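> need the 3D shape of this:
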Amino acid sequence: MAALTGRDFLRIADWARDELGELIDLADRLKDEQRRREPHLLLPGRALGLIFQKPSMRTQVSFDVGINQLGGFAVDLPPGGIGLGERESVRDVGLVLSRYLDAIVIRTFEQELVDELAEHATIPVINGLTDTAHPCQALADAMTIRERLGRWQGVRVGWVGDGNNVCASLMAICAKLGMEFVAATPEGYEPAAEVVEAARAAGGEPRLVRDPRDAATGANVLCTDVWTSMGQETERDERLRALGDYRIDSSLLAAAAADAIVLHCLPAHVGEEIDAEVLYGSQSAAWDQAENRLHAQKALLALVVA
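So this is what the prediction gives:
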């Protein structure tokens, strides 16, 4: 899809349903080619810059490996070396890196920083995670759901726990692709109102509930994430108390559809938001989901990098 060349990927809401579908179709193809060891050097010689101000395993490794499998290479840009917004202005960094690189992945705290970098860069900027969004994770989630269930239309997705950045992006992609979304969160931990409104504007009808069983009952997909995300360490005790009843265990999973799958973006705090028997059980798709970060992001790069 030539129209996507040069596009940023900052949030799910920025991309149309057909564009997201095209991307995931390509991800499926690239996954198949990779398993058959067929080369797919779609981006020979292209340079991908990685700016990671938050720790990462899946995001960093999947983008680094992915650009290499496409024929390009990654350049690690440590925060201390760049000093984004401190040693140099975000504008200047964007302008300079656009002369060296073919795309930038940034993983940071404020969404506004990602938006500002994209405003000034003349190459695609990809959001590798912020405090409010994790769109690359949502791509892998949607890919995994269709891979396991064979469809998006009519799929019921139940979220249990904190209405965080992962929840927000998953809600958005469910709205775009025709999946029902129900989030069970305690008071004060709901997804942001603007996230819910954006999902509704995209054609979804997300529901917010309090009881985890309301989200789990009849769900085709059960999802969760850690209760204490990066930067929230001082809130840990308070969060454990508030979210203690929002664990995916075998009892909650039993309320879901018989063929339901369980997603977790990882890393997991086993025994908190999810029990070991669920995470490592037969209905867990967390490991396919983690692998699919690689294939979905390769498809993303292949579509946006010139």
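
> which helix or strand lies directly C-terminal to the one helix or strand in the chain whose mean pLDDT sits lowest?
Here the helix or strand of the chain ranked lowest by mean pLDDT, DSSP states H and E is helix 79-82, holding a mean of 86. Per DSSP states H and E, the first helix or strand lying C-terminal to helix 79-82 is helix 90-100.

> relative to helix 90-100, how tilted is the next helix or strand along the chain from that following helix?
Sequence-wise, the next helix or strand downstream of helix 90-100 (DSSP H and E) is strand 103-107. Relative orientation of strand 103-107 versus helix 90-100 (axes from the mean of the first three to the mean of the last three CA atoms, to 10 degrees): 140 degrees.

> if we can go back for a sec, who are the packing partners of the least confident helix or strand of the chain?
Other helices and strands packing on helix 79-82, by 3 or more CB pairs under 8 Å, 6 or more residues apart in numbering; DSSP states H and E, are strand 47-52. (C-beta placed from N, C-alpha, C; glycine too.)

> all strands of the protein, in order?
Assigned by DSSP state E, the chain shows strands spanning 47-52, 73-76, 103-107, 125-129, 156-160, 180-184, 207-209, 221-224, 261-264.

> what's the spacing between the residue lying closest to Asp131 once chain neighbours are set aside and Pro79?
Leaving out its chain neighbours, the residue that sits closest to Asp131 by CB to CB, 6 or more residues apart in numbering is Phe109, at 5.3 Å. Remark: distance between Phe109 and Pro79 (CB to CB, to the nearest Å) = 11 Å.

> name the residues contacting each of those two.
Gln53 (CB atoms under 8 Å, 6 or more residues apart in numbering).

> quick check: the residue in the chain sticking out farthest from the centre vs Gly94, distance?
The centre of the chain is farthest from one residue, Arg87, which by CA atoms, centre = their mean lies 29.4 Å away. Using CB to CB, we find Arg87 at a distance of 14 Å from Gly94.

> can you lay out the strands of the chain as CSV showing mean neighbour count, mean pLDDT and distance to Ala13?
Listed next are these as CSV, based on neighbours: other CB atoms under 10 Å; pLDDT from 0 to 100; distance: least, CB to CB, whole Å:
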stretch, mean neighbour count, mean pLDDT, distance to Ala13
strand 47-52, 22, 98, 22
strand 73-76, 14, 98, 27
strand 103-107, 26, 98, 18
strand 125-129, 27, 98, 12
strand 156-160, 27, 98, 17
strand 180-184, 24, 98, 14
strand 207-209, 16, 98, 18
strand 221-224, 28, 98, 19
strand 261-264, 24, 98, 21
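
> next up, the contacts around Ser164.
No, residue 164 isn't Ser; it's Asn. Taking CB under 8 Å, 6+ apart as the criterion, Asn164 is in contact with Asp225, Ser229.

> could I get the contacting residues of the closest residue in space to Ala172 that isn't next to it in sequence?
Distance criterion CB to CB, 6+ apart; nearest residue to Ala172, sequence neighbours excluded, is Ile12 at 3.8 Å. Residues near Ile12 by CB under 8 Å, 6+ apart: Leu20, Ala133, Pro135, Ala138, Ser169, Ala172, Ile173, Lys176.

> gap between the nearest residue to the last one once chain neighbours are set aside and Gly204?
Spatial nearest neighbour of Lys176, chain neighbours left out: Arg17 (4.8 Å); criterion: CB to CB, 6+ apart. From Arg17 across to Gly204, the span is 11 Å (CB to CB).
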